[in-house]
Structures are given as C-alpha cells and as structure tokens.
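K.L.:
build the 3D model from these lines:
(one chain, ligands or ions: 1)
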Amino acid sequence: MKFVFGPVPSRRLGQSLGIDPVPLKTCNWNCVYCQLGRTIPLTNERREYIPREEIIAEVNQALASHTPGEIDWVTFVGSGETTLHASIGWLIRQVKSLTHLPVAVITNGSLLYLPEIRRELSPADAVLPSLDAGNARLYRKLNRPHPEVSFKRLVGGLAAFRKEYQGKLWVEVMLVRGLNDSGPALIEIAAALKEIQPDEVHILQPDRPPVETWVQPPDEEGLLRARAILGNIARVVHPASGSFDLSCAKSLVDAVVGIITRHPMREEELVETLEHFSPGEVNETLTELEMSGRAQIVERYGTRFWSASPARYPELKPKTKGV
Ligand code: SF4
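P.N.:
Numbers count the residues shown, from 1 in each chain. This next block holds a predicted model:
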C-alpha cells in the first residue's frame, strides 16, 4: 500500500489507520520541529496530488483486512499538510460511507480561513489543528509559513471553524524550549485560544527527530507552566506506546517504509516491531532497509531514528541507492 499505513499507536487516537493524501513533503509550513525534514519548496497549491480513487481503493482494502477492534480511528495525516489535497472533503465523505469508525483529520489549520475548507472538514469526527504561537513574529519563526497563510488568517480561520463545526476540535500546541514555553509566549497563545474556543488543547513536545538540530523539548517547568497558563482544557499528551502494524504491505520493508515516511521510528521501537512481525529476521530486515536506499538514520537527543530517505534533514546528504 502506498497511501494507507498502520494502524500505528497514536497519542490521542488509539490504534490509528493512517491515510496520507499528499507526497513527502507537501506543506505550506516548514516547522522547526517537523519530523519529516525540511519543506523544499513550500507550496500552498491545492490539487489532487494523488488520484482520490486510488486512495479510497487502499482504504477499502485496509479496512477489509482488519478485524473489528484492531482500529480505533481512521486518520488523515501524513507527509505534509492534508488539506492541500484538493479532494480532502470527498475523501472524508467516502471514508465515512465505508466505515462506522470515527474519522480524524490532522492539519496545521492554516487553510481554515477558506470557507470551502471548513465545509470540507465538517463531516470529520475530530479535527486537530496546530497553534504554536500567539503572535505573528513567533509564528514565522516556529512554523516558517508560506507568505499566503498569515497568522491573522490562521487564528481567524480556527475561530470561524469553531463556530461552524459540530465535531471535536482539539488544538495542538507543540512546545519548543526557549521559543514558546516562556510565560509571555504562553499568555499570548492562551489569548488566541480564548478567541478560538476549542474543546481541548493538547500540549505536545517533540519526540520524533526534529528537522532542526537545535530544537529541544521543554523542561518539566516549561510543561507545568504551559499546563497552568493554557487553562483547564489543556493537557500534556505523552508519546504513545503500543504496536505498529506491518501486515498491510507486500513486504516487511515496504511496510516499514510506509510507516517511517510519515512517522519516523526510534530504533528500539523498530526492532521491537520487527521482532513481533518477523522474529529471527530483524538484522536482515534492517540491513535490507538501509541497503535499499529507502531509509536513513537520523540522530537526535542521543537517539537513533529511522526515517524515509527523501526526508531532508540539514546535516544529512541525500543517499544514493545501495550505498
Ligand atoms: S509539522 Fe506538519 S505543518 Fe509543520 S512542516 Fe511538518 S508537516 Fe508541515
């Protein structure tokens, strides 16, 4: 499968079957903490990056190959900004017609200022947009957006969506030490959240390899400060643990590449998953992965992460096949 992956354990969504509607890396932001490498170039063009029928055919197949209880949510998430796919609304409606499972959309929220995007996302059961900054200067520093998606549009779009949307609106705030975890920065974020009125605020910290090497998660004090300033509906969401499902692809290597393209894995997590699916073949699979030229190893916080080769981390040169 090329566009559907997992289920993978998710911090909020249990075992989540992922649908990735855009190729790596299609985004109108270039966040300093992005786990998918740099966005080169930034794009704000909405189009059918992947034929929508092909995506739905894979969703059908994935749903048919899992028994009830193996999937908790079907989630649009992936190699960039989900709402840049021109048929995101059609895709959500199709998935809703195929399953009774709840559907979530992870988005940076930057296009919600457009009425058509708000309409397209309305059938989803949960929408999880981002708000990492409470002013335009910090937004540009942290999220490094395309010039068309301004801070004013972001906050205005989220607030307008809240007024119309009947599902769960869970705003994500990714904390980066020294950037948005100070008292004044958090007070400004809280003011923007007051305007938006989400159902919940999820405080996240980078736990996958951030693109920029200098990005650090907040310390305990920063997390406590965020929890206190962002109010009662805010909670710290810790990294999920659980099993990654590798059964949805032709080969083990394909399945791993399918996951790490959207979700880089810590080496021990990958080894544990491989031991479960293919005991006795872990070393061979890791070697095959590296030799295939489809995966790369990124080191952050003293930890080795496996990521897809095309992801651009500044200190790593692109790999050539078989090296
Ligand atoms: S974190 Fe999300 S919004 Fe930010 S650059 Fe990465 S894919 Fe785009």
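
K.L.:
count of neighbours near Ala249?
P.N.:
Number of residues near Ala249 (other Cβ atoms under 10 Å) recorded here: 18. To be clear about C-beta, it is placed using only N, CA and C from the backbone, and glycine gets the same treatment.

K.L.:
likewise for His100?
P.N.:
His100: 6 neighbours (other Cβ under 10 Å).

K.L.:
that one and Trp73: what is the separation?
P.N.:
According to Cβ to Cβ, to the nearest Å, His100 stands 12 Å off from Trp73.

K.L.:
can you check Glu120 too?
P.N.:
19 Å.

K.L.:
between these two, which one's more packed in?
P.N.:
Counted by other Cβ under 10 Å, Glu120 and Trp73 do not tie: Glu120 has more neighbours, with 22 against 19.

K.L.:
other SSEs contacting the helix or strand hosting that one?
P.N.:
Element membership for Glu120 (DSSP states H and E) is helix 115-121. Judged by 3 or more Cβ pairs under 8 Å, 6 or more residues apart in numbering; DSSP states H and E, helix 115-121 is in contact with helix 88-98, helix 151-164.

K.L.:
send over it as CSV, restricted to the C-alpha atoms.
P.N.:
Output of helix 115-121 as CSV, limited to C-alpha atoms (Å, rounded to 0.1, in the frame of the first residue of the first chain):
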residue,chain,number,x,y,z
PRO,A,115,-15.0,28.7,3.7
GLU,A,116,-14.6,25.7,1.4
ILE,A,117,-12.0,24.0,3.6
ARG,A,118,-14.2,24.5,6.7
ARG,A,119,-17.1,22.9,4.8
GLU,A,120,-14.9,20.0,3.5
LEU,A,121,-13.6,19.1,7.0
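
K.L.:
which parts of it are buried?
P.N.:
Ile117, Arg118, Glu120, Leu121 (16 or more other Cβ atoms under 10 Å).

K.L.:
which pair of those spans the longest distance?
P.N.:
For those, the maximum inter-member distance is 7.4 Å, found between Arg118 and Glu120 (Cβ to Cβ).

K.L.:
which of the three states applies to the residue in the stretch 201-323 of the chain that the ligand sits nearest to?
P.N.:
Proximity of the stretch 201-323 of the chain to the ligand (Cβ to the nearest ligand atom) peaks at Val211, 7.9 Å away. Taken by DSSP: H, G, I helix; E, B strand; the rest coil, the conformation at Val211 corresponds to coil.

K.L.:
can you give me phi and psi for it?
P.N.:
Dihedral pair for Val211: phi -60, psi -40, per degrees, to the nearest 10.
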